[in-house]
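Q: Need a 3D model of the following:
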Amino acid sequence: GLLRGILRGERREERARRRSAWERRADRPPRWTAAKERVARIRSLPATVRRRIRKRLTGDQDKRVREHLRDLLEEPPAVRTRDKFSFMLGVLGCGVIEFVILRCPERFPLLYASFIIPLLLLRLYLYASLNWHFFLIDFCYFSNVLCLVQVLWYPTSVPLIVLNFAHTAGPLAVAIPAWRNSLVFHSLDKVTSVFVHGLPPLLLFASRWYPAVDTEIPDSIGTAYTMGLSLLGYFGWQLFYLVQTEVFGRRALASNDKMMTSIRWLTTPDKGGGYSGMAAGAMAAARSCGFFAPGEPFDSEHWKTKVVFMLVQLIYTAVTLLPIPWLWQSFELHLAYLLCIYTVCVWNGGSYYIEVFSKAYRKQFEGDRDQRRRAVFESFGAPEGERPKRTPSVGDVAATAGSGPAPDPLSAIPLASPHDRDSLPPPPPDDGA
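A: Numbers count the residues shown, from 1 in each chain. Okay, here's the model as predicted:
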């Protein structure tokens with residue numbers, strides 16, 4: 001009996017040990033689970049390293065390095081240094097342009113391409129970050145693209161030279177006084193706007209009076225031929241613009257009211273609900289013709305508003321094309337014409353420095369970051385509805401990611417200079433026509 005009791009106890013202990021071993025094995029994760037965990041740790045390694053780098057550079061593991069750099073560049077010392085650098089480049093650029101056009105004008109096309117290509121690429125980057133990239137399909141950029149085609153691929157094509165001459169000496173050149181382009185050296189955006197409108201007329205001045213080798217330039221061009229060729233190019237651009245905004249970009253524009261176009265910019269009323277500049281003239285003409293009822297405002301999404309501004313721009317283009325045959329025939333007249341245009345541009349720059357800059361520039365360094373952003377945005381001449389009220393926080397951005405309206409555009413590139421305008425509300429940026 002004693003032996004049987006001992007054997008029973010040993011069997012019970014053995015069963016208990018086996019049961020404990022099975023329980024421990026059951027608690028152990030399967031091999032595929034362990035492998036999956038190792039893969040997850042490996043995949044999370046870049047994020048871990050990224051957070052450690054952010055912590056080391058910015059002091060906050062959730063703050064991006066580019067945001068930290070952007071905050072540093074917003075500090076007053078950095079802003080002043082950037083403006084000084086822009087001023088230096090603007091003055092040196094004008095000096096180089098003057099030297100080339102006076103000493104070797106036949107080489108000016110290469111200088112034009114070396115200036116305009118990086119400026120357009122930089123503007124594309126800035127405007128895309130601000131949801132204003134639809135401005136880059138305006139007529140002035142279309143004309144600059146045709147000028148680049150002439151310089152890089154067809155420098156001896158007389159029809160292309162005549163077309164570019166008409167577009168640049170007409171709508172683009174007149175846009176400088178019409179849209180109040182200002183030669184403000186410390187502002188990269190204002191200098192870019194001047195170059196976008198002012199360099200193509202100078203390029204075609206050199207192409208007309210100092211043509212490339214083996215280029216037979218006619219002494220005169222007919223009015224009908226010039227108008228027909230120029231308006232054909234204009235209608236081609238207008239068709240391209242409508243396809244981009246009304247077909248391919250229709251959904252994007254409808255879903256984001258912060259995505260600006262020329263017509264949205266122009267039809268944004270001021271604080272009093274009225275319009276100024278070209279928009280005021282267009283409204284007065286439309287109401288006098290009965291096209292708009294008294295008190296009816298512009299609606300940038302309605303076909304009536306679009307038709308009005310397309311007609312106004314067509315009339316503007318046709319009128320500015322009228323003196324082109326005379327400018328083609330006379331060197332003295334062409335030279336005096338361009339000097340008058342550039343004189344107005346320099347005068348606008350002086351007026352900006354004396355009347356606007358002396359008062360507004362210091363505001364960029366007063367108050368906190370949000371107040372400085374608002375001051376800078378006001379200096380751009382943005383409509384009231386487009387000015388940021390505050391900077392969105394990280395929580396705001398996370399809460400609105402993937403839905404709702406786009407965040408404040410200046411949170412993407414704060415203090416980036418979007419438009420060359422000196423009055424409120426301004427014409428659309430660099431529309432040129």
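Q: so the spatially most central residue of the chain is in which element?
A: Centroid-nearest residue in the chain, with Cα atoms, centre = their mean: residue 127, separated by 2.1 Å. If you go by DSSP states H and E, residue 127 is part of helix 108-129.
Q: Mind telling me what element residue 193 is part of?
A: Assigned by DSSP H and E, residue 193 falls in helix 188-209.
Q: How about that helix, which residues are buried there?
A: Buried residues in helix 188-209, counting neighbours by 16 or more other Cβ atoms under 10 Å, are found at 188-208. The C-beta positions use only the backbone N, C-alpha and C, and glycine is treated the same way.
Q: And what about residue 299, helix, strand or coil?
A: Recorded secondary structure, residue 299: coil (DSSP: H, G, I helix; E, B strand; the rest coil).
Q: Tell me who's in contact with it.
A: Applying Cβ atoms under 8 Å, 6 or more residues apart in numbering to residue 299 gives the contacts 267, 305.
Q: quick one on the thing from earlier: can you give me the buried ones in the helix holding residue 127?
A: Going by 16+ other Cβ under 10 Å, helix 108-129 has these buried residues: 108-109, 111-113, 115-116, 119-120, 123, 126-127, 129.
Q: low pLDDT regions in this protein?
A: Residues of the chain meeting the criterion pLDDT under 70: 1-7, 19-35, 73, 360-433.
Q: any idea which helix is longest in it?
A: Counting by DSSP state H, the longest helix found in the chain is helix 76-103.
Q: Buried residues in it, which are they?
A: 79, 83, 86, 87, 90, 93, 94, 97, 100, 101.
Q: do stretch 324-333 as well
A: Going by neighbour count (16+ other Cβ under 10 Å), the buried part of stretch 324-333 is 324, 325, 327, 328.
Q: Now residue 318: closest residue in space that isn't a chain neighbour?
A: Of all residues not flanking residue 318 in the chain, residue 231 sits nearest, at 7.0 Å (Cβ to Cβ, 6 or more residues apart in numbering).
Q: how many neighbours does that neighbour have?
A: Look at residue 231: counted by other Cβ atoms under 10 Å, it has 16 neighbours.
Q: who touches residue 59 in this structure?
A: Going by Cβ under 8 Å, 6+ apart, residue 59 touches no other residue.
Q: Would you quantify the distance from it to residue 185?
A: Look at residue 59 and residue 185: by Cβ to Cβ, to the nearest Å, they are 36 Å apart.
Q: sorry, back to before: can you add distance to residue 254 and give the buried residues of stretch 324-333 back as CSV?
A: Below are those laid out as CSV (distance: Cβ to Cβ, whole Å):
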residue, distance to residue 254
324, 39
325, 43
327, 42
328, 44
